[in-house]
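A.B. asks: Pasted the sequence and its predicted model underneath.
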Amino acid sequence: QVQLVESGGGLVQAGGSLRLSCAASGRTFSSYAMGWFRQAPGKERDFVARIDWSTHYADSVKGRFTISRDNTKNTVYLQMNSLKPEDTAVYYCAADPQFIRPGVQRPQRYDYWGQGTQVTVST
């Protein structure tokens, strides 16, 4: 069982930066692949980034967002730079007990989810 708590969301102007954090409980954090998803009002939950043996990004955030993890702190981060209004959403972190598998952009691959943190990018 893994419990996830996101933090770091907020209101930022377009072009600005935010760093999201996701703190995980449990002793086996390092054995989980971790992902970030986002969901805008009226839309589906979309893949943003994942870290397993490597990092993976949605095309819409490549070059602007960076996912990283600190296993000593049981925390995964999402550094978001050059933010755009279309990045506005609730951001969720998620844990996948399988490091390597196909379809990592699908929410169904992840067993544990945080409660989400709101990111709003103004023009």
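C.D. replies: Done, it's in.
A.B. asks: Show the contacting residues for the residue minimising distance to the centre of the chain.
C.D. replies: In the chain, the C-alpha nearest the mean C-alpha coordinate belongs to residue 36, at 2.0 Å (C-alpha atoms, centre = their mean). By C-beta atoms under 8 Å, 6 or more residues apart in numbering, the contact set of residue 36 is 20, 22, 48-50, 67, 76, 78, 91-94. Every C-beta, even on glycine, is put in place using the N, C-alpha and C of the backbone.
A.B. asks: can you rerun that using 6 Å?
C.D. replies: Shown in contact with residue 36 (C-beta atoms under 6 Å, 6 or more residues apart in numbering): 48-49, 78, 93.
A.B. asks: Go through those residues and name the one nearest residue 16.
C.D. replies: Using C-beta to C-beta, residue 78 is the member of the contacts of residue 36 that sits closest to residue 16, with 14.4 Å.
A.B. asks: ok, how many other residues are close to that closest one?
C.D. replies: 27 (other C-beta atoms under 10 Å).
A.B. asks: which residue packs closest to it, ignoring adjacent ones?
C.D. replies: Spatially, and ignoring its direct neighbours in sequence, residue 78 is nearest to residue 20 (4.3 Å; C-beta to C-beta, 6 or more residues apart in numbering).
A.B. asks: for that neighbour, helix, strand, or coil?
C.D. replies: strand (DSSP: H, G, I helix; E, B strand; the rest coil).
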